[in-house]
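Participant: Here is the input, now give the coordinates:
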Amino acid sequence: MRLITFDADRVGVLRGDQVHAFPRGTALIDLLPSLSQVSVPDEAIPRADVTLNAPVPRPPSIRDCLCFLDHMRGCLRAMGGTGALEPTWYQIPAFYFGNPATVIGPHDDVPISPGSAWFDFELEIGAVIGKPGRDLTPEQAGEHIAGYTLLCDWSARDLQHLESQLKIGQAKGKDGATTLGPWLVTPDELPFGPDGRLAIQVRAEVNGALVGEGRTDAMDWTFAEVVSYASRGVELQPGDVFGSGTVPGCCLIEHLSFADLGAFRGWLKDGDVVTLRAEGLGEVRQTVRASTAPHPLAARTDPAAKPRRARVNPAGPYRRGLHEVGDGVWAWLLPDGGYGRSNAGLVAGDGASLLVDTLYDLPLTAEMLDALRNVTDRHPIGHAVLTHANGDHTHGGQLLPGSARVVAAEGTAHEMRTEMAPELTAALQIMDLGPVLTPYLRSRFGPFDFGGIRLREPDQTFQKRLTLDVGGREVHLLDLGPAHTEADTVVHVPDAGVLFAGDLLFIGCTPIVWGGPIANWIAACDTMLGLGATTVVPGHGPVTDASGIEAVRGYLSHVAQQADEAHEKGLDVKEAAFCLDLGEYRDWLDAERVVVNVYQRYREIDPATPELDRMALFAMMAEWDA
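Facilitator: Numbering: from 1, shown residues only. Sure thing, here's the model as predicted:
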């Protein structure tokens, strides 16, 4: 028998293309204790005329179990672990309580959990209790299951990971929504293996592409066992739902590998369609929708925390927002110029304008674009130039007008395609990486919202030089990289004497050589000086002039010289970085970036220098900062 709940409050039996409806006021929970005696009603309604709800719209309780241990192993590996489980996983079945108030139907839209950038699904099977019972043996527990339904446990992985550090169980990471449906199927219509395990094939897709498939008879813990365990000292009620836990591979997190981030399809975003199928249990098909941002809560003070130094840009205070820096040229500045606090710009011509870079997240970019509307309503954005690939200059691209042509150097386009997905940057906000690195990363990256970002790749690429016409004004693009990154473009507006330097220029804050070589960056500084611009907008920090370029050139030369001397003495990278005398540059923000700069210089001197990944470099910077 297949039972459904439809059209808000009606219950029926599905047979072929007909729904045999019970009288109004009948609830499926009321039928469960005596399903074997239920007579199929006479009233028949075409299936095409009804809207399906969850078969049990408000269960008395939801216990989501973890019957497939391979799923847990996969999750641990995805977050950098070995996949080995503690012995307790093999001794007792795990479950947590879900939220009955957030149950949704098989075709309802699914809201992304507020504040989540790592939204995921989990294909599960739900077992529904049919009659009361307490202290049940596994054999008795199996007899108390009235039927089975598809279940999707919608999961905010970033919130879940952060909350797991509290060690008190699931919270908002699992509180958003649970799908049940499309119908409840009695056991007599489903196949079971000789060991009593439900034996059906399942499949999960996103936007029509296969994510994972598997079988339910791969369970380590059976439904009978988890129901028996849950009934210890507790009276189970008709309508209680038990989730199986994720069929291995039928979610996104198990396909994440920090060793190969480019292979990950990304987390769910607004408009994605998730389709889950199970043999005999039907299909759910749901569209993911964006939700409103959460209301922020102020963090409590940790009395044991070491006070952090106040962050003050030594180049002087400067104001957040829009600044006119030349005739028809504006800079958007975001103090204090540290990680993610980048600048952008606008060049307006006759009836057209050019945007230089977007910002680190969608709210910051939306704020900037809104402030620019007084100009862009009269001079629409026709071109958007990306100075380099880092997310704090590219993540807001999806908010640009569709008619705008995104332009970047070929190296920038390549790096954007090979870097990790934008939302994975949230790992820097949530992962527990120890007492030194964790607070360092959260202080630098905590304020940003990496949810919902869809990276917009360039429409046009160029090599070395490109001249654009912006409403009758010539704007020159010069790729002077590799230096900060694989490619670094500056935007020169000759008739206004303005240069947008991107991250070839940091003012009051320390440059960081992710790409290199340092000598090429020094040469780029010489090229920028040769352009003769009177006003220079850096990628980070306040607006400057030629003196700002000379200061960055001086820093890079100073670090290179000291690193060369340390290498001559036989010091390793860490020893060299930790003893290097920064001299006049010691008060620049984020001075710990000297670690990366020394490392890159050592790699230039001797390519056999052991390679360090970005997280190892962050760890060394955090130690330097501490």
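Participant: Any idea how far apart the tips of stretch 240-259 sit?
Facilitator: Taking Cα to Cα, to the nearest Å as the measure, stretch 240-259 stretches 41 Å from start to finish.
Participant: need the contact list for Phe445.
Facilitator: Shown in contact with Phe445 (Cβ atoms under 8 Å, 6 or more residues apart in numbering): 339-340, 425, 428-429. Every C-beta, even on glycine, is put in place using the N, C-alpha and C of the backbone.
Participant: Look up phi and psi at it.
Facilitator: Phe445 adopts backbone torsions of phi -110, psi 0, taken as degrees, to the nearest 10.
Participant: how close does it get to Arg10?
Facilitator: From Phe445 across to Arg10, the span is 50 Å (Cβ to Cβ, to the nearest Å).
Participant: Let me know the pLDDT of Val475.
Facilitator: Note for Val475: predicted pLDDT of 98.
Participant: er, Thr418 I mean
Facilitator: At Thr418, pLDDT is 82.
Participant: quick one: contacts for it?
Facilitator: Applying Cβ under 8 Å, 6+ apart, the residues near Thr418 are Gly262.
Participant: separation between it and Gly539?
Facilitator: Distance from Thr418 to Gly539, by Cβ to Cβ: 21 Å.
Participant: And for Glu235?
Facilitator: 64 Å.
Participant: now do Asp545
Facilitator: Distance from Asp545 to Gly539, by Cβ to Cβ: 16 Å.
Participant: Comparing the two, which residue is more hemmed in?
Facilitator: Gly539 (28 against 13; other Cβ atoms under 10 Å).
Participant: The more buried one looks like it's in a strand, true?
Facilitator: Yes: judged by DSSP: H, G, I helix; E, B strand; the rest coil, Gly539 forms part of a strand.
Participant: That one: what's it in contact with?
Facilitator: By Cβ under 8 Å, 6+ apart, the neighbours of Gly539 are 342-343, 357, 387, 393, 484, 501-506.
Participant: which residue sits closest to it in space, ignoring its chain neighbours?
Facilitator: Asp503 (3.7 Å; Cβ to Cβ, 6 or more residues apart in numbering).
Participant: contacting residues around the one you found?
Facilitator: Taking Cβ under 8 Å, 6+ apart, one finds 342, 387-388, 390, 393, 484-485, 488, 511, 539-540 in contact with Asp503.
Participant: hang on, the earlier thing: from the contacts of Phe445, pick the one nearest Arg454.
Facilitator: Closest approach between these and Arg454, by Cβ to Cβ: Thr425, at 14.0 Å.
Participant: How about the secondary structure of the closest one?
Facilitator: Going by three-state DSSP: Thr425 is helix.
Participant: Run through the strands of the stretch 1-150 of the chain in chain order.
Facilitator: 2-6, 10-15, 18-21, 44-46, 62-65, 95-97, 103-104, 110-111, 119-120, 123-129, 145-156 (DSSP state E, counting those that start in this stretch).
Participant: my read: Pro46 touches Asp17, true?
Facilitator: Yes: counting by Cβ atoms under 8 Å, Pro46 touches Asp17, with 6.5 Å between them.
Participant: Which strand residues bridge the nearest residue to Leu386 once chain neighbours are set aside?
Facilitator: Once flanking residues are discounted, Leu386 sits nearest to Ala408: 4.2 Å by Cβ to Cβ, 6+ apart. Counting by DSSP bridges, Ala408 is bridged to Leu386, Thr461.
Participant: wait, Ala408 sits on Asp459?
Facilitator: No: distance between Ala408 and Asp459: 9.1 Å, which falls outside the contact criterion (Cβ under 8 Å).
Participant: Compare these two and say which one has the larger neighbour count.
Facilitator: Ala408 (29 against 13).
Participant: What separation do you get for that one and Pro538?
Facilitator: From Ala408 to Pro538 the distance is 19 Å (Cβ to Cβ).
Participant: mind putting the contacts of Phe445 in CSV, neighbour count included?
Facilitator: Below are those laid out as CSV (neighbours: other Cβ atoms under 10 Å):
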residue, neighbour count
Tyr339, 21
Gly340, 21
Thr425, 21
Leu428, 21
Gln429, 20
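Participant: ok, these vs Glu143, which is closest?
Facilitator: Gln429 (47.5 Å).
Participant: isn't there a helix covering that closest one?
Facilitator: Yes: Gln429 sits within a helix when classified using three-state DSSP.
Participant: ok, now which ones touch Gly554?
Facilitator: Tyr585.
Participant: Cool, thanks, signing off.
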